[in-house]
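>>> Sequence and predicted structure are below.
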Amino acid sequence: MNSKILILLGLTALAAAEGGEFYGYGHAHSYESSEAKYDFDWAVEDDYSNEFGHQESRDGDHTQGSYYNHLPDGRLQKVTYYVDGDSGYLAEVEYEGEAHYPSYESSSHESSSESHEAHSYTPPQRRYHS
């Protein structure tokens with residue numbers, strides 16, 4: 001019985017080594033395709049989460065586009081980019097507005113009788129039942 005399994009595994013390995021035809025891959029065929037050409041644009045405007053969008057167009061090896069996003073600090077980030085052949089991804093990043101951060105020094109904390117020290121976490125005691 002073990003020899004049948006070894007022979008079957010050997011035939012499987014041999015078939016896999018024969019160009020992958022055993023798994024249905026066959027030989028690679030090259031297909032000519034036309035140059036890529038597309039245009040798209042989308043945006044989201046949602047009072048609950050954020051506003052962001054993206055625009056891109058491509059014609060052959062030349063791609064250009066931009067996207068924007070409202071950052072949590074209140075600024076608008078805009079990225080404009082292009083790719084021309086093998087030149088790589090070249091981007092220019094701009095920010096509009098001024099960053100605003102929440103104040104941790106508020107009058108409600110100052111008038112509170114609670115300590116400003118950080119509360120530490122104490123894990124629960126382990127209990128073993130016999």
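Nice, I can see it.

>>> Only C-alpha atoms from now on, for both contacts and neighbour counts.
Noted.

>>> neighbouring strands for the strand or helix carrying Glu56, and are they parallel or not?
Per DSSP states H and E, Glu56 falls inside strand 51-59. Sheet partners assigned to strand 51-59 using DSSP bridges are listed as strand 37-45 (antiparallel), strand 62-70 (antiparallel).

>>> Okay, buried residues for stretch 81-90 please.
Of the residues in stretch 81-90, those buried by neighbour count under the rule 16 or more other CA atoms under 10 Å are 81-83.

>>> From those residues, pick the one nearest Val44.
Using CA to CA, Tyr81 comes nearest to Val44 of the buried residues of stretch 81-90, at 20.1 Å.

>>> could you give the angle of the host helix or strand of that closest one to strand 51-59?
Using DSSP H and E, Tyr81 sits in strand 76-84. Between strand 76-84 and strand 51-59, the angle comes out at 10 degrees (axes from the mean of the first three to the mean of the last three CA atoms, to 10 degrees).

>>> just checking, what packs against strand 76-84?
strand 62-70, strand 89-96 (3 or more CA pairs under 8 Å, 6 or more residues apart in numbering; DSSP states H and E).

>>> which non-adjacent residue is nearest Glu56?
Gly65 (4.0 Å; CA to CA, 6 or more residues apart in numbering).

>>> actually Asn69, sorry about that
Phe52 is the one closest to Asn69 (CA to CA, 6+ apart), at 4.4 Å.

>>> can you tell me which residues contact that neighbour?
43-45, 67-70 (CA atoms under 8 Å, 6 or more residues apart in numbering).
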